[in-house]
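Participant: Model the structure of this input:
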Amino acid sequence: MASLEEIRQIHLGKLAELKKVGLDPYPIESHQDFTLAEVINNFTKLSKKKSLTIAGRVMALRPQGALTFLNLNDGTENFQALIKKPARTTEGVQSGGDDISTESFDLFNNTVDIGDFLEIKGSLFITKRKEKTLVIKDWAMLAKSLRPLPEKWHGLQDVEERFRRRYLDSLMSKEVRERFVLRARLITEMRKFLDEAGYLEVETPALQNLYGGASAEPFVTHHNALDIDLYLRISDELYLKRMLVGGFPKVYEIAKVFRNEGIDVTHNPEFTMIEFYEAYSDAKKMLIFVEKMFKTLIKKLFKKQTITFNEQEIDFSKKFSVISYFELLKKYALINNSESISIKELTLKAGQLGVSVDEKDSFWKIMDNIYKKICRPKLIQPTFIIDYPVEYLPLAKRQKKNSKLVDAFQLVVGGIELVKAFSELNDPIEQKERFMMQEKNKEAGERDAQSYDEDFIEAMEYGMPPAGGVGIGIDRLMMLLSDQKNIKEVIYFPTMRPR
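Facilitator: This next block holds a predicted model:
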């Protein structure tokens, strides 16, 4: 079996042959009267045309003596074509008509490979096997490939290589292509839902003087002209809330977010979130809005209210369940005294449950790790979790009935956290106190604690309306909707270690 480099050298030889006969293997102009999907959908009508021109990548070649069948794909569909060696008269002269020339037929067979982009001109007909086909009367090379495509039936077998060379992965797999089409449709429908609800799509900076809006470690870079360090955003929350201060009552952003943390099946350093904020709203109202949004998205995308994830049917037609955070710990982790248990007892419990504990972990960090490993995977049907401790969400308002809890919720489906939302804290004095507490946690070794943002506090002091805010992880939602267990399967260019 020839090596990759040997095949590449053969393709380079064919490239030279095309140039030798005066053909440009990478021309500026190309012609395409119809996409391949249009040809298939309008075949009867287009069959009446004497000739038409289509284009695409060669995905298969089947030489059969004086005939060569090929399959083209232009990104819309696959379509078969046929090139025939012209017949000759008894005197050895090529017959006339619309036949392709002998020279052009031979050049085709000598230079065209699977992977090449071709422009072909001809007429449509149906073969004896009832296959829609174009018989080629003329052809041109649009882009000569120098490397062979993965073998059709097996594609890229190495999972890491599939992620590194996603262009080959999606080229060879219809399922992978359809997954990213679904992702695009999901984002379109999310935009449409929010636009129709009166939200304004806005943009906030990805490079920030101070990172904030979430508990995470940032990526840091240096700006030479200003001679300052800048951070890639870990969230766009604080900037969107500045826009509430600035007089915009309903705003949203689909943002690339960056967190300098570990990589696993649900975490990628670069990911996509949609966050939206509504003035004069709160967590209770946003919970109703989010449930309506998810029901609408599922129906729009799948024309039904159920999906399958991890071999389990998930039903979005019913009213979503609601459970408190401490009740969840009691039910699945058997922690009956969440609000009074000591850190020593909690650490012991974590060990019993197989949850690792770092000596720098705070009480609430340990409890959250127990929730993530033991409780969250049990929530398969759509479930809102409410009544979080104040320490978890330093940007959320305290509950009126219990000041130790915040007015917030998360939505978990299929064991995956999809949504985080709360009534936004708009008291600048308390917000400053919460930031200062986070600073103490950071000094104690909690590396992902939030930073004190003085500029944001100043903005709040001008007056921020009461508001509800929601953040949805688009990548994790796509994992659920496409039944994938690894976040890299739904990000076209995931972060990878270099070869």
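Participant: so Phe276 touches Tyr252, yeah?
Facilitator: Yes. At 3.5 Å, Phe276 and Tyr252 qualify as touching, with contact defined as CB atoms under 8 Å. For every residue, glycine as well, the C-beta is placed using N, CA and C.
Participant: shared neighbours of those two, anything?
Facilitator: Taking CB atoms under 8 Å, 6 or more residues apart in numbering as the contact definition, Phe276 and Tyr252 share the neighbouring residues 194, 199, 240.
Participant: Let's have these in a markdown table, adding neighbour count and distance to Asn486.
Facilitator: Converted to a markdown table, the shared contacts of Phe276 and Tyr252 look like this (neighbours: other CB atoms under 10 Å; distance: CB to CB, whole Å):
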| residue | neighbour count | distance to Asn486 |
| --- | --- | --- |
| Leu194 | 22 | 28 |
| Tyr199 | 19 | 31 |
| Leu240 | 24 | 30 |
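Participant: can you redo those residues as CSV with secondary structure and distance to Asn42?
Facilitator: As requested, the shared contacts of Phe276 and Tyr252 are exported to CSV (DSSP: H, G, I helix; E, B strand; the rest coil; distance: CB to CB, whole Å):
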residue, secondary structure, distance to Asn42
Leu194, helix, 37
Tyr199, coil, 39
Leu240, helix, 47
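Participant: coming back round to it: Phe276 and Tyr252: which is more packed in?
Facilitator: Between Phe276 and Tyr252, counting by other CB atoms under 10 Å, Phe276 is the more crowded of the two (28 against 24).
Participant: Could you check which helix or strand contains the more buried one?
Facilitator: Using DSSP states H and E, the element containing Phe276 is strand 270-279.
Participant: Average pLDDT for that strand, rounded please.
Facilitator: Computed over strand 270-279, the mean pLDDT rounds to 98.
Participant: just checking, what packs against it?
Facilitator: In terms of contacts (3 or more CB pairs under 8 Å, 6 or more residues apart in numbering; DSSP states H and E), strand 270-279 is packed against helix 174-196, helix 237-245, strand 250-258, helix 283-302, strand 467-473, helix 474-481.
Participant: mind putting the ones you listed in CSV, distance to Ala216 and mean pLDDT included?
Facilitator: Formatted as CSV, these follow (distance: least, CB to CB, whole Å; pLDDT from 0 to 100):
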stretch, distance to Ala216, mean pLDDT
helix 174-196, 23, 97
helix 237-245, 12, 97
strand 250-258, 9, 97
helix 283-302, 22, 98
strand 467-473, 12, 98
helix 474-481, 15, 98
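Participant: would JSON lines of the ones you listed with distance to Glu38 be doable?
Facilitator: As requested, those are arranged in JSON lines below (distance: least, CB to CB, whole Å):
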{"stretch": "helix 174-196", "distance to Glu38": "18"}
{"stretch": "helix 237-245", "distance to Glu38": "42"}
{"stretch": "strand 250-258", "distance to Glu38": "31"}
{"stretch": "helix 283-302", "distance to Glu38": "25"}
{"stretch": "strand 467-473", "distance to Glu38": "36"}
{"stretch": "helix 474-481", "distance to Glu38": "29"}
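Participant: Can you say which of these is nearest to Tyr332?
Facilitator: Tyr332 sits nearest to helix 474-481 of all those, at 20.3 Å, using CB to CB.
Participant: now the angle from that closest one to strand 467-473?
Facilitator: Angle of helix 474-481 versus strand 467-473, following axes from the mean of the first three to the mean of the last three CA atoms, to 10 degrees, is 60 degrees.
Participant: Check the offset of helix 474-481 from the chain's centre.
Facilitator: How far helix 474-481 lies from its chain's middle: 8 Å, per CA atoms, centre = their mean, to the nearest Å.
Participant: Can you pull out the residues in contact with that helix?
Facilitator: For helix 474-481, with CB under 8 Å, 6+ apart as the criterion, the contacting residues are 179, 182-183, 186-187, 190, 254, 266, 268, 271-274, 301, 307, 309, 314, 413-414, 416-418, 484-487, 489-491.
Participant: residues contacting Arg398?
Facilitator: Shown in contact with Arg398 (CB under 8 Å, 6+ apart): 390, 404-407.
Participant: Now do the phi/psi pair for it.
Facilitator: Backbone geometry at Arg398, expressed as degrees, to the nearest 10, gives phi -70, psi 150.
Participant: Please apply the same query to the one 10 residues further on.
Facilitator: Reported as degrees, to the nearest 10, the phi and psi values for Ala408 are phi -150, psi 170.
Participant: One more: Ala140?
Facilitator: phi -150, psi 150.
Participant: Same check on Glu417?
Facilitator: The phi and psi torsions at Glu417 (degrees, to the nearest 10) take the values phi -80, psi 120.
Participant: any idea how far it is from Gly65?
Facilitator: Counting by CB to CB, to the nearest Å, the gap from Glu417 to Gly65 is 61 Å.
Participant: more neighbours, these two?
Facilitator: Neighbours per residue, other CB under 10 Å: of Glu417 and Gly65, the larger number sits with Glu417, 16 against 6.
Participant: Contact partners for that one?
Facilitator: With contacts taken as CB under 8 Å, 6+ apart, Glu417 has the following neighbours: 376, 410-411, 473, 476.
Participant: picking up where we left off before, of the helices and strands packed on strand 270-279, give the one that comes closest to Phe422.
Facilitator: Closest to Phe422 of the helices and strands packed on strand 270-279, according to CB to CB: helix 283-302, at 5.2 Å.
Participant: Using CSV, lay out the contacts of Arg398 together with neighbour count.
Facilitator: Conversion of the contacts of Arg398 to CSV gives the following (neighbours: other CB atoms under 10 Å):
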residue, neighbour count
Val390, 19
Lys404, 11
Leu405, 21
Val406, 25
Asp407, 24
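Participant: tell me the two of those that are most distant?
Facilitator: Farthest pair in the contacts of Arg398, by CB to CB: Lys404 and Asp407, 12.1 Å.
Participant: how about low-confidence regions in the stretch 1-150 of the chain?
Facilitator: Per-residue confidence for the stretch 1-150 of the chain (pLDDT under 70) gives these ranges: 88-98.
Participant: contacting residues for Phe219?
Facilitator: Phe219 is in contact with 231-232, 258, 260, 269, counting by CB under 8 Å, 6+ apart.
Participant: Out of those residues, which comes closest to Phe326?
Facilitator: Lowest distance from Phe326 to those (CB to CB) belongs to Asn260, with 31.3 Å.
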